[in-house]
Structures are given as C-alpha cells and as structure tokens.
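Engineer: Let's see this in three dimensions:
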Amino acid sequence: MVAIAKRSARARRRMRPVGRALFLVAFFLMASGLLRLGTNVGGVLADQTAGQPEAEEPNGKDEDTAPMQESEVSAVLDALTKRENRLEQREAQLEQRLQDLAAAEARIEHRLSELKAAETELKRTIDVADGASERDLETLTAVYENMKSKDASVLFEEMDPDFSAGFLARMKPEAAAGIMAGLSAERAYSISAILAGRSALGPKN
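Structural biologist: Numbers count the residues shown, from 1 in each chain. Coordinates of the predicted model:
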C-alpha cells in the first residue's frame, strides 16, 4: 500500500509540468482570440465612422484666424507704402541733385566763355603793347643813331648795361661803333660781354 502511494505521488509530481504547459497554451489561445476580436471591433467601428461627415470646427477658430490674416496683409501694405515713400523721396533728392549739377555746369560753361573772351582781349592788348613797344624802341634807336657819337656815349654810360646793349644791337654797326668808342673801358667791356652772350645764345644756322 505504501508503495502504491509513493507511485501515485511521483505520478502527480510528473503531471504538474504538463498541466502548467497546458494552462499556458490555453492562456495564449484565449489572448489571441481576444486580440482578434478587438481588431475586428475596431475595424467595424472605423467602417461605421468613415461614412459619417466630419464634425465642423467651431466658428470661433475661423473668427480668430481672419483678423490675424487681415493684420498681416495690413502690415505688408504699410511696409510697401513706407518703402514707396522712401523711394519717392530718394528720387526727388536725385532729381534735385541733377538740377543742381546742371545749374553748376551752366555756370562753369558761362565762366569759361568769359575767361576765353578775357584771354582773347588780353592777347590783343599784349599784341598792341608789343607793337607799340617795338615802335617805341625803333624810334629811340633811330634817335640814338642820329645823335652825335659823343653825346650818345654820355647817355649810354649812364644806362643799365643790358638796356644799352639792346639798343646797340639794333643800331647800324657804324653808329654802334662810334658810341662804343666814347664809352669807358669798363662799360664798353660790360656791353660787349652782354652782346657776345646774346649772340652765343641766339639761333645758329
């Protein structure tokens, strides 16, 4: 009897792992069935709600976004208006600048015309003065040539050597020689040196 009880106990201990395995298999089968059932229910609910129209959003949201859009448009328009005003102001400044430059250019051209006219008048005056000076020199040269050599020598002795050398260079050689003969040796040497220097600096053939 004791041996039979021991064998029964061993059999029960061997059956425990088998029972646990069967329990776990049954549990997983039930969980799988529940998951499938839940998926089917979700699909049915999704099919039922797909045909229904979407709920309209409250009017309050549209009313809130409209003023925002209008404010943005207003800000852009203000920015464009300011930019246009700046461009117009700059264009006006450039136009005024161009007018000022044109006026300055006109004044410069007028001044250049005046300067050209003054230059022409000055040149004419110089030509007249040069002509008069040349005539005066020719007249004085003729006067000195016609004077007596002794009297002319006294005048040339008092003249500046450069000045007297200029007259002697214009005179006829005979008249110049007579005047040089009446000069002091020092003055005659100074005038001769000046005449020789002018001849050396003059054009050569």
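Engineer: residue contacts, Y144?
Structural biologist: For Y144, the contacting residues are A152, L155, F156, F167, M171, A175, I179, by Cβ atoms under 8 Å, 6 or more residues apart in numbering. Where you see a C-beta, it was placed from the backbone N, CA and C, and this is true even at glycine.
Engineer: The same query, at a cut-off of 7 Å, please.
Structural biologist: By Cβ atoms under 7 Å, 6 or more residues apart in numbering, the contact set of Y144 is A152, F167, M171.
Engineer: tell me the contacts of the first one?
Structural biologist: It stands for A152. Contact partners of A152, counting by Cβ under 7 Å, 6+ apart, are Y144, I179.
Engineer: same thing but at 10 Å, please
Structural biologist: By Cβ atoms under 10 Å, 6 or more residues apart in numbering, the contact set of A152 is 143-146, 164, 167-168, 171, 175-176, 178-180, 182-183.
Engineer: ok, of the residues you listed, which one's closest to H110?
Structural biologist: Of all those, H110 sits closest to F167, with 46.9 Å by Cβ to Cβ.
Engineer: buried set for the helix or strand that closest one falls within?
Structural biologist: Per DSSP states H and E: F167 is located in helix 161-170. Neighbour counts over helix 161-170 (16 or more other Cβ atoms under 10 Å) mark P161, S164, A165, G166, F167, L168 as buried.
Engineer: Return the closest of those with respect to D78.
Structural biologist: Nearest to D78 out of the buried residues of helix 161-170 is G166 (Cβ to Cβ; 87.5 Å).
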